[in-house]
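Peer 1: Build me a model:
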Amino acid sequence: MINIPGKTASVRDIVYYYLHSDNYKRLSGKSQREYATQLEKALDTVVEGKPLGSYRARSLKARHTNLAYQQWLQTGTHTANYRKATLSTAWRYCMRLDVMENDPVRLIKTENPKPRKVKWTRDQVSTFLDTAYSDFKWRSIGLIVHMAYEWAQRVGDMRVLTWDEVDLDAQRIDLTQSKRGADVHLPIPEALCAMLQQQKGDFGFQTYVAPKTTPVAGAYVPYPVDQIDDAINEVKDAAGLPKNITAMDLRRTAITEMVEGGADLAHIMQVSGHRSPDSVTPYMVNTFSGAKTALAKRGGRDE
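Peer 2: Residues are numbered from 1 along each chain as shown. Reported below is the predicted structural model:
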């Protein structure tokens with residue numbers, strides 16, 4: 001049993017108390033590891049000559065937390081904001097138990113991350129798939145990327161797609177997205193259907209559509225979350241593709257291509273599973289092709 005931090009408790013004591021709480025234990029294993037890592041980095045941040053974790057919690061000022069945040073920004077806005085959020089979660093937990101009264105973490109002035117605009121070209125997607133499908137060990141990786149691109153879905157959902165969500169005879173999938181719980185119903189294009197039929201012949205005896213091609217402890221399992229990017233990068237390197245395109249850019253690429261093709265937001269949301277137009281916007285990239293399509297739809301003008 002961890003003792004409740006007293007009046008002289010340090011910031012590290014506050015965080016330690018949270019890390020042994022039921023609230024923390026209810027997080028997923030992945031979230032627990034991420035929280036613990038970012039909290040440790042936050043505590044080790046040197047502010048005005050000493051680590052943030054060494055400060056007496058009740059004496060910590062907004063000046064200290066904002067100076068720490070400025071250092072966190074050097075690792076990227078997303079990481080800085082995530083680090084702030086984890087520290088804030090620990091702090092607010094202690095405030096709810098009356099361990100703390102003030103919240104200097106809340107007074108951190110955060111910066112909004114710039115939206116990512118990177119997208120794959122169709123040639124890059126084709127090159128990736130040709131490389132992945134040329135070697136059996138990469139076939140499942142190829143399918144994960146192929147499905148994510150064709151259906152504008154998250155790589156994470158394709159990683160754990162199961163055969164009971166796929167109807168090859170009707171050429172459709174019926175998927176419940178993991179992030180927002182949205183149900184999407186999508187057609188399977190001919191080329192992808194052919195690959196899925198081949199995959200079904202080899203891996204239809206087990207649950208997952210695109211498991212690791214070698215069994216783990218005698219069972220076929222999905223690529224672990226912390227290995228999927230490395231596996232995709234291995235194929236990218238073999239294909240000679242640039243490092244700046246990532247798996248998460250596939251969803252943005254597919255949505256942008258739908259916009260370029262003249263699809264309206266209501267139909268795009270049927271595919272992407274977004275519940276509002278505002279949530280789709282970050283995935284859209286302004287392109288010449290998209291502008292040309294939009295301008296071509298302007299009717300009633302004299303040439």
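
Peer 1: Isn't Gly273 up against Ser178?
Peer 2: No - Gly273 lies out of contact with Ser178 (CB atoms under 8 Å); the separation is 10.3 Å. From N, CA and C alone the C-beta is placed, and that goes for glycine too.

Peer 1: the more surrounded of those two?
Peer 2: Of the pair Gly273 and Ser178, Gly273 is the one with more neighbours under other CB atoms under 10 Å, namely 22 against 12.

Peer 1: Tell me the spacing between that one and His146.
Peer 2: From Gly273 across to His146, the span is 19 Å (CB to CB, to the nearest Å).

Peer 1: Please apply the same query to Ala238.
Peer 2: Distance, Ala238 to His146, by CB to CB: 16 Å.

Peer 1: okay, the two: which has more neighbours?
Peer 2: Set side by side, Ala238 and His146 show more neighbours around His146, with 23 against 14, by other CB under 10 Å.

Peer 1: Name the helix or strand for the more buried one, please.
Peer 2: Counting by DSSP states H and E, the element that carries His146 is helix 139-151.

Peer 1: immediately after that helix, which helix or strand?
Peer 2: The element immediately downstream of helix 139-151 (helix or strand, assigned by DSSP H and E) is helix 155-159.

Peer 1: mind listing what Pro189 touches?
Peer 2: Neighbouring residues of Pro189 by CB atoms under 8 Å, 6 or more residues apart in numbering: Glu150.

Peer 1: should've said Val118
Peer 2: Counting by CB under 8 Å, 6+ apart, Val118 touches Asn244, Ile245, Thr246, Asp249, Arg252.

Peer 1: go again using 6 Å as the cut-off
Peer 2: Asn244, Asp249 (CB atoms under 6 Å, 6 or more residues apart in numbering).

Peer 1: which non-adjacent residue is nearest His20?
Peer 2: Distances taken as CB to CB, 6 or more residues apart in numbering put Ile2 closest to His20, at 4.5 Å, once the chain neighbours are dropped.

Peer 1: Could you give the number of residues near that neighbour?
Peer 2: Applying other CB under 10 Å, we find 11 residues neighbouring Ile2.

Peer 1: low pLDDT regions in this structure?
Peer 2: 1, 290, 293-295, 298-303 (pLDDT under 70).

Peer 1: Tell me which stretches of it form strands.
Peer 2: Here the chain has its strands, by DSSP state E, at 46-47, 50-51, 166-167, 172-176, 183-187.

Peer 1: If you count contacts, what does the first one end up packed against?
Peer 2: What it means is strand 46-47. For strand 46-47, the packing partners by 3 or more CB pairs under 6 Å, 6 or more residues apart in numbering; DSSP states H and E come out as helix 62-72.

Peer 1: This completes my enquiry, with thanks.
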